[in-house]
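1. Provide a 3D model corresponding to the input given below.
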Amino acid sequence: MVRWPLVQFGGQPAEAENRRVFGSAAPSPRRDFAYGVNGATKFDNAASLDYKAAPMELNRRQVCYLRGLAHPLNPRVQMGKGGYGVAFVSEVARNLKDHELVKVRMATDDRAQFYQLSEQLAQETKATLVQTIGRTLVLYRQGDEPKIAIPN
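-> This next block holds a predicted model:
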C-alpha cells in the first residue's frame, strides 16, 4: 500500500506546514510564573502569564479551521500525578503563550469532572476552548504577535 504525502494549502507537505505555524522559536525562560507574584495566592492573574485580552469569540468556520490545525498535533501538556494545580495551569499558559494552539490531555475518570476542569482551565488561562475529544482538549489563545492566521 502506497502512502501519499498529505498536502495542505499552498502545496506544502502537512509536516512542513505544521513546522511553519508552530515554528521552532527559542524557548522562553521559565521566569514567567512564580507562586505568590503580585499577591497572587491561587490562580489569579499569574496563571495566565499576565495575558490581558479576553478569550476570542470564534465562529463555526474559525473553529473548524483550528480543529484542522490541531488534528495532527500531539498533546503538549499532560496532567500528571500532581493533578490539576498551579504547576499544570502555568504550564498550559506558557505553552499557549509560545504556540497559541495547544492540545492538552487530562487524566480523569469522571466525564463531568473533565468538562468542568476543561472549562475552568480555559477560563483561568483566558483561552478559547476549541474542541474536546475523549480526555483531550484543544485550547487557542491569540498571542501579541499572531502566529496563526485565522480566516474571517
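
2. my read is residue 102 is in a helix, agree?
-> No: judged by DSSP: H, G, I helix; E, B strand; the rest coil, residue 102 forms no part of a helix; its state is strand.

3. beta partners for it?
-> Beta bridges link residue 102 to residue 139, judged by DSSP bridges.

4. any idea of the pLDDT on it?
-> pLDDT recorded at residue 102 is 96.

5. By mean pLDDT, point me to the weakest helix or strand of the chain.
-> Taking mean pLDDT, DSSP states H and E as the measure, the helix or strand of the chain with the lowest value is helix 14-21, at a mean of 42.

6. C-terminal to it, what's the next element?
-> helix 60-70 (DSSP states H and E).

7. What is that following helix packed up against?
-> strand 101-105, strand 128-133, strand 136-140 (3 or more Cβ pairs under 8 Å, 6 or more residues apart in numbering; DSSP states H and E). For every residue, glycine as well, the C-beta is placed using N, CA and C.

8. Pick the most deeply packed of these.
-> Among the helices and strands packed on helix 60-70, the stretch with the highest mean neighbour count (mean count of other Cβ atoms under 10 Å) is strand 136-140, at a mean of 25.

9. Using CSV, write out every CA atom in that one.
-> Extracted as CSV, the C-alpha positions of strand 136-140 are listed here (Å, rounded to 0.1, in the frame of the first residue of the first chain):
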residue,chain,number,x,y,z
THR,A,136,-8.1,15.5,25.3
LEU,A,137,-8.9,19.2,24.8
VAL,A,138,-7.7,21.9,22.4
LEU,A,139,-7.2,25.5,23.6
TYR,A,140,-6.5,28.6,21.5
